[in-house]
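Q: Next come a sequence and a model predicted from it.
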Amino acid sequence: MEKVFYGKNENHFGELRLPEGKGPHPVAIVIHGGFWRESFGLDLMTNVAEDLTSNGFATWNIEYRRVGQEGGAWPVTLTDVAQACDHLLSLADTYPLDLKRVITIGHSAGGHLALWLAARHRMPKDSELHLIDHPFSISGAVSLAGVNDLEMMYGVHHFRDQTLSTEPNNPTADLLQSTPEEHPERYQEASPIELLPLGVPQVLVHGALDVNVPIGISDHYHRKAQEAGDFVKLVELPEAEHFMLTDTSTQAWAEIREEVKTLLLNL
């Protein structure tokens, strides 16, 4: 494993792992979750990255500035991830990477970012999230219990806060520094469902027992993506909860690994 910086901030780095063999190797950009908050880092996906690498993928497990850190949240959390993705072009000058076969795979908030990276080419040029005219092209995307509809996820947390009369705890509002009413354009530009069609094959995996990110979010996204003309597959795991999807010792992960391999074969 090699730690590589893609920018000047202390959080502008990723962990690059290469499989055995000369390559060039297909690449998985691995993106951790944690509701975009500072207390969660890329170590959440270390086992996933190691498992994918042992199965033939070069993995680029990326870090980014998060909510609660200086500069984190809108728009920097998303633009950091975009910069990390585009840095693959530089990495390929040194390492045997197959840039024609690059997928994203993320969990929870990372699932949102995995699909968003695949949607960047649809970003309006006047958006704060628009960095370059021709962003790095993703070949496929895998969302594990992903927050793929930000307005819906905002609504879920808002309803819980109102119903339970608790202190506001809305990670989506924290990420975008606004409600959908205050800045609808942020929800439109940061939410994968608003950027359909993505134009690349997508796999959505969700545990039926997930109480952190409701499976209805993936189900709704799946239907909308199909209607938009994308190739998208929804894999519902009836006995899995949220965190089983990144536990490489579980049957849930074994199924995910096979889905990733199948996706690669079809690229």
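A: Received the coordinates, thanks.

Q: Would you agree residue 22 is in contact with residue 97?
A: No. Here residue 22 does not reach residue 97: they are 11.9 Å apart, not a contact under C-beta atoms under 8 Å. Just so you know, the C-beta spots here come from the backbone N, C-alpha and C atoms, and that holds for glycine as well.

Q: Tell me which of the two has more neighbours.
A: residue 97 (22 against 6; other C-beta atoms under 10 Å).

Q: So the more buried one is in contact with residue 28, correct?
A: No. Under the criterion of C-beta under 8 Å, residue 97 makes no contact with residue 28, lying 10.8 Å away.

Q: which residues are common contacts for the two?
A: residue 58 (C-beta atoms under 8 Å, 6 or more residues apart in numbering).

Q: quick one, helices of the stretch 51-200 of the chain?
A: 76-86, 88-91, 109-119, 150-164, 171-176, 184-190 (DSSP state H, counting those that start in this stretch).

Q: Serialize those to a markdown table and add fields for mean pLDDT.
A: Shown next, in a markdown table, are the helices of the stretch 51-200 of the chain (pLDDT from 0 to 100):
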| stretch | mean pLDDT |
| --- | --- |
| helix 76-86 | 98 |
| helix 88-91 | 97 |
| helix 109-119 | 98 |
| helix 150-164 | 89 |
| helix 171-176 | 97 |
| helix 184-190 | 98 |
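
Q: So which residue is dead centre in the chain?
A: In the chain, the C-alpha closest to the average C-alpha coordinate belongs to residue 114, at a distance of 2.5 Å (C-alpha atoms, centre = their mean).

Q: close enough to count as contact, that residue and residue 146?
A: Yes. Residue 114 is within contact range of residue 146, at 6.7 Å (criterion: C-beta under 8 Å).
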